[in-house]
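**Student:** Here is the input, now give the coordinates:
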Amino acid sequence: MIRLYRYIFMECAVSSVLVLFVLTFLIMLPRVLNLVDLWVNKGVAIGVLGSMILWLIPNFVVSVAPMALLMGILLALGRLSQDSETVILKASGVSLYQILFPIATLVSLFTLLAIVLNMTWVPDSFNRFANLRNALLSSTTLALKPQTFNQTIAGLTIYIHERSENGNILYGLLIHDERKTDEIVTLTARSGQLLIRGSEDSILLLQDGSRHEKLPAGRYRQLRFASYNLDLGISLGLKEEQRKTGPKEMNLADLLDSITFDSSEASMKASAELHRRLAFPVAGFILGLFSVSLGLQQSHRTGRVYGFVVAVLALLLHYMLLSFGEAAVFRGLLPTAAGYWLPNLVMALITLYFTIHTARDGSFQMIVWLSQFISALPQKFLHTQTAPEEV
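**Tutor:** The predicted structure is shown next:
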């Protein structure tokens, strides 16, 4: 029996880890491409971007772990069912609960790992990413590329002809400021210099230029200046201890202190974050157990799309419930604990029903029909496309 447990455990573990790797890569790809754009077009060092990608990984891994578990177990059990290995196991007297034991062990390990990451590595990575992003904002603003329309700051387009050797003085500036829709301004200047005021807000000191603004009723205003301070609306050189951290960046001790000593609103947000870090990994645990009873029902008659259909339906249902519960908490409609744990309770009851029903050799005909219908769609489409035309 130990050999059987090891076999089932390894089959599900390998497929779950592979799905976790693929899903993490696919979800991170758009964010990575955005960061690569900073390297290509903004001149940001590749080492900085590598650090930012590194600190993004923990959050994405924890987020996709429930889906990876669900799909990985379904794929593994689907392969066993397609090869008739589950039929042999049942004929040998192996019950659903015996098959469930090694999978429950795997799901428990995933859940414990997700909780530990949520309490330690994930908030630390959030904090490091925020600090690095703040430093990156400073570096990208200071590293405006000559003869390029730089759009590092949202709503602000800056063109410079050249910059001094030390990079402090900018020459030949053209700036289009549309951050205020009712006050769109275009500025030109012979030179400019980036400065930090006492409040550590950044300004661009322009010298010998003009300010152009379109007024209502088709009027136009032009102002020539010897010097002009343009507020960039960002903070540069902000020290880590001066930046206020949010609940997502707090470790467990900070969350407990915030719940105990902070104001009611801050305490509620910290409490919600603590429940979220626990409830979402537990949701993965429930989905992992939920996949066992459905995965064992896969056979030749259900088609290979069965696992995908079940995964999508289960994930949509569970995360819709979790999202509704979270929204109800922040709107004050439900207590924090109820908003995060009632969805898990509902899915746990559904999982229990499916497990008992499957242990009694019951089937879920509606899901079988749905999977067969989706499996038949490509064949029907191809048949329609290849049908001969009537003469």
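**Student:** make it CA atoms for all contacts and neighbour counts henceforth
**Tutor:** Noted.
**Student:** How about the backbone phi and psi for the closest residue to residue 151 other than its chain neighbours?
**Tutor:** In space, and not counting its chain neighbours, residue 151 is closest to residue 157: 4.9 Å by C-alpha to C-alpha, 6 or more residues apart in numbering. For residue 157, the backbone dihedrals (degrees, to the nearest 10) come out as phi -110, psi 120.
**Student:** Quick check: residue 157 touching residue 144?
**Tutor:** No: look at residue 157 against residue 144 with C-alpha atoms under 8 Å: they stay out of range, at 10.8 Å.
**Student:** and the two? which has more neighbours close in?
**Tutor:** residue 144 (22 against 17; other C-alpha atoms under 10 Å).
**Student:** Report whether the more buried one is found in a helix, as I expect.
**Tutor:** No: per DSSP: H, G, I helix; E, B strand; the rest coil, residue 144 lies outside any helix segment and is coil.
**Student:** Please tell me how far it sits from residue 208.
**Tutor:** The gap separating residue 144 from residue 208 is 20 Å, by C-alpha to C-alpha, to the nearest Å.
**Student:** Could you do residue 55 as well?
**Tutor:** 44 Å.
**Student:** what about the helices in the stretch 201-350 of the chain?
**Tutor:** Per DSSP state H, counting those that start in this stretch, the stretch 201-350 of the chain carries helices over the ranges 252-261, 264-295, 306-330, 336-359.
**Student:** Where does the prediction get shaky in the stretch 51-200 of the chain?
**Tutor:** Residue ranges of the stretch 51-200 of the chain with pLDDT under 70: 133-143, 152, 154, 165-168, 196-200.
**Student:** coming back round to it: quick one: which of the helices of the stretch 201-350 of the chain has the weakest pLDDT on average?
**Tutor:** Note on the helices of the stretch 201-350 of the chain: lowest mean pLDDT is at helix 306-330, with a mean of 80.
**Student:** Once you drop chain neighbours, what's closest to residue 66?
**Tutor:** That would be residue 284: by C-alpha to C-alpha, 6+ apart, it lies 4.0 Å from residue 66.
**Student:** Touching, that neighbour and residue 67? I think so.
**Tutor:** Yes: with contact defined as C-alpha under 8 Å, residue 284 reaches residue 67; the gap is 7.3 Å.
**Student:** Same drill for those two, tell me which one is more crowded.
**Tutor:** residue 284 (28 against 23).
**Student:** burial measure for residue 28, as a count.
**Tutor:** 16.
**Student:** cool, and the one 3 residues further on?
**Tutor:** By other C-alpha under 10 Å, the residues close to residue 31 number 13.
**Student:** measure it to residue 60 for me?
**Tutor:** 11 Å.
**Student:** on that earlier part again, which one of the helices of the stretch 201-350 of the chain is the most hemmed in?
**Tutor:** helix 264-295 (a mean of 22; mean count of other C-alpha atoms under 10 Å).
**Student:** okay, the angle between that one and helix 306-330?
**Tutor:** Relative orientation of helix 264-295 and helix 306-330, computed by axes from the mean of the first three to the mean of the last three C-alpha atoms, to 10 degrees: 160 degrees.
**Student:** And helix 264-295, what does it pack against?
**Tutor:** Helix 264-295 sits against helix 46-82, helix 96-119, helix 252-261, helix 306-330, helix 336-359, with contacts defined as 3 or more C-alpha pairs under 8 Å, 6 or more residues apart in numbering; DSSP states H and E.
**Student:** do you know which of those lies nearest residue 230?
**Tutor:** Residue 230 lies closest to helix 46-82 among those, at 28.2 Å (C-alpha to C-alpha).
**Student:** Could you tell me which residues touch both of residue 157 and residue 144?
**Tutor:** Contact criterion C-alpha atoms under 8 Å, 6 or more residues apart in numbering; residues bridging residue 157 and residue 144 by contacting each: residue 150.
**Student:** Next, work out how far apart the residue nearest to residue 151 and residue 179 are.
**Tutor:** 10 Å.
**Student:** Would you pull up how far the strand of greatest length in the chain lies from the middle of the chain?
**Tutor:** Assignment by DSSP state E gives strand 220-235 as the longest strand of the chain. Put simply, strand 220-235 sits 38 Å off its chain's centre (C-alpha atoms, centre = their mean, to the nearest Å).
**Student:** That one pairs with which strands, parallel or anti?
**Tutor:** strand 201-214 (antiparallel) (DSSP bridges).
**Student:** Which positions in the partner strand come out as buried?
**Tutor:** Applying a neighbour-count criterion of 16 or more other C-alpha atoms under 10 Å, the buried positions in strand 201-214 are 201, 202, 203, 204, 205, 206, 207, 209, 210, 211, 212.
**Student:** Stretch 221-232 now?
**Tutor:** Going by 16+ other C-alpha under 10 Å, stretch 221-232 has these buried residues: 228, 230, 232.
**Student:** Likewise for stretch 10-24?
**Tutor:** Here stretch 10-24 shows 10, 11, 12, 13, 15, 16, 19, 20, 23, 24 as buried, counting by 16+ other C-alpha under 10 Å.
**Student:** which residues touch the second one?
**Tutor:** I take that to be residue 11. Contacts of residue 11 (C-alpha under 8 Å, 6+ apart): residue 76.
**Student:** Could you tell me the angle between the top helix by length along the chain and helix 96-119?
**Tutor:** Identified as the longest helix of the chain according to DSSP state H is helix 2-41. Using the same axes, to 10 degrees, the inter-axis angle of helix 2-41 relative to helix 96-119 is 30 degrees.
**Student:** Just the C-alpha atoms of the longest strand of the chain, please, in PDB.
**Tutor:** Output of strand 220-235 as PDB, limited to C-alpha atoms (Å, rounded to 0.1, in the frame of the first residue of the first chain):
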ATOM      1  CA  TYR A 220      -4.500  81.200 -26.700                       C
ATOM      2  CA  ARG A 221      -2.000  82.300 -24.000                       C
ATOM      3  CA  GLN A 222       1.700  82.400 -24.300                       C
ATOM      4  CA  LEU A 223       4.000  83.300 -21.400                       C
ATOM      5  CA  ARG A 224       7.800  83.800 -21.700                       C
ATOM      6  CA  PHE A 225       9.900  83.100 -18.600                       C
ATOM      7  CA  ALA A 226      13.400  83.400 -17.400                       C
ATOM      8  CA  SER A 227      12.900  80.500 -14.900                       C
ATOM      9  CA  TYR A 228       9.900  78.200 -14.300                       C
ATOM     10  CA  ASN A 229       9.300  75.400 -11.700                       C
ATOM     11  CA  LEU A 230       7.500  72.400 -13.100                       C
ATOM     12  CA  ASP A 231       6.200  70.100 -10.400                       C
ATOM     13  CA  LEU A 232       6.700  66.500 -11.600                       C
ATOM     14  CA  GLY A 233       4.300  65.100  -9.000                       C
ATOM     15  CA  ILE A 234       6.600  62.300  -7.800                       C
ATOM     16  CA  SER A 235       8.800  61.700  -4.900                       C
END
